[in-house]
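A.B. asks: Got a predicted structure here, sequence first:
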Amino acid sequence: MEYRKLGRTDIDVSLVCLGTMTWGEQNSEAEGHEQMDYAVSRGVNFFDVAEMYPISPRKETYADTERVIGTWFEKSGKRDEIVLATKVIGPGGFKYIRDDAKRLTEAEILAACDQSLQRLKTDYIDLYQIHWPSRPVNCFGQLDFPNNADYSDAVAIEETSSALAKLVEQGKVRHIGVSNETPWGVAQYLALAEKNGWPRIASIQNPYNLLNRSFEIGLSEFAVREQVGLLGYSPLGCGTLSGKYLNGAEPQGARLTLWPDRYSRYTKPRGLEATQGYAEVAQKHGLDFSQMSLAFLKSKNFVTASIIGATTMEQLKSNIDAYELTLSDDVLADIDAVHRSFPNPAP
């Protein structure tokens, strides 16, 4: 297993970060425990979760994924061996969470952290992240800037950043990060940290895969120059980059089969054309399509970790095996050729 530094911290995290958002919905508690046991046996020391998980979010299962991790910590006694990351939600459509309190205020963040600590059965979080901004931004399938957006109700980044600093001061959080953030937002967090002596963000958790390389346009330079590395989520584009949805296939129990409207950005015509192109690259070079897609992230120096997820042990084993693969210059050149023909079809 390869390890990389988490930002400017002294923490080494495995290149493979274990994603958890299926536990409590597509996977049972026992299956979640089995995945954690196996991942640790392969050298994975980095878990990522969020208070809103499992996916697809609903009131009946809210925060169950954190509870699954908490019972594993209690059962295994391995809390101190794991770099644990979780997130506090942003605004929008979650009236069942803390009575729909205004998101990312100081009071909201402090309360959310305490609740996560209780569910996770721990007294500290290694990396506490803002799941998405309070202000309107171009994320979750939107590539264009939200022109004429109303920012009047957004919580100021200064208040959010100050609250995170308090959690670090209290010892409840070791380091902080952002997710689904823009270059402007990252610059604001870094400037506020320098101005006020607050903790710097250590990471940016944004989508990054063969169908969505938009991170490269503005954020990759921040990641390298400011040492705020990418935690790349959806490295397989919700499973699309395994090829299992090609030719109209709808695998039973798969995420895009269960919730086609929620993840439709990966199955639009241009995305499917690009996926077919990448599948042909894998076939040409005798590579497993999923493993080629995952190994692509390993080739990027701005990537700190790649967040994988699986619903079966077979998938998990194959996904972790992928990071032992180093793609040749010829493979990377063929990948870039497809990208030039189909740039970012699924942002």
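C.D. replies: That came in fine, so what should we check first?
A.B. asks: Report the distance from stretch 129-137 to the chain centre.
C.D. replies: Centroid displacement of stretch 129-137 relative to its chain, using C-alpha atoms, centre = their mean, to the nearest Å, is 13 Å.
A.B. asks: Rounded mean pLDDT for it, please.
C.D. replies: Per-region confidence: stretch 129-137 scores 95 on mean pLDDT.
A.B. asks: The chain should start at 844 in everything you say after this.
C.D. replies: Taking 844 as the first residue, the last one we looked at is stretch 972-980.
A.B. asks: Quick one: end-to-end length of it, please.
C.D. replies: 17 Å (C-alpha to C-alpha, to the nearest Å).
A.B. asks: Which stretches in the chain count as strands?
C.D. replies: 846-848, 855-857, 859-862, 889-891, 926-931, 968-973, 1016-1022, 1044-1050, 1072-1076, 1146-1151 (DSSP state E).
A.B. asks: Which of those sits closest to Glu903?
C.D. replies: strand 926-931 (20.2 Å; C-beta to C-beta). In short, each C-beta sits where N, CA and C put it, glycine included.
A.B. asks: Output the closest one as CSV, restricted to C-alpha atoms.
C.D. replies: Written as CSV, here are the backbone C-alpha positions of strand 926-931 (Å, rounded to 0.1, in the frame of the first residue of the first chain):
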residue,chain,number,x,y,z
VAL,A,926,-7.4,8.1,10.2
LEU,A,927,-11.1,9.0,10.4
ALA,A,928,-12.7,11.6,8.2
THR,A,929,-16.3,12.7,8.4
LYS,A,930,-18.4,15.7,7.3
VAL,A,931,-21.1,18.1,8.3
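A.B. asks: Nearest the geometric middle of the protein, what residue?
C.D. replies: Tyr1076 (3.5 Å; C-alpha atoms, centre = their mean).
A.B. asks: mind listing what the residue lying closest to that residue once chain neighbours are set aside touches?
C.D. replies: Leaving aside its chain neighbours, Tyr1076 sits nearest to Ile1150 (4.6 Å; criterion: C-beta to C-beta, 6 or more residues apart in numbering). Counting by C-beta atoms under 8 Å, 6 or more residues apart in numbering, Ile1150 makes contact with 860-862, 891, 1048, 1074-1078.
A.B. asks: any chance of those residues in TSV, plus pLDDT?
C.D. replies: Formatted as TSV, the contacts of Ile1150 follow (pLDDT from 0 to 100):
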residue	pLDDT
Cys860	98
Leu861	98
Gly862	98
Asp891	98
Gln1048	98
Leu1074	98
Gly1075	98
Tyr1076	97
Ser1077	95
Pro1078	97
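A.B. asks: nearest to Gly875, of those residues?
C.D. replies: Leu861 (9.9 Å).
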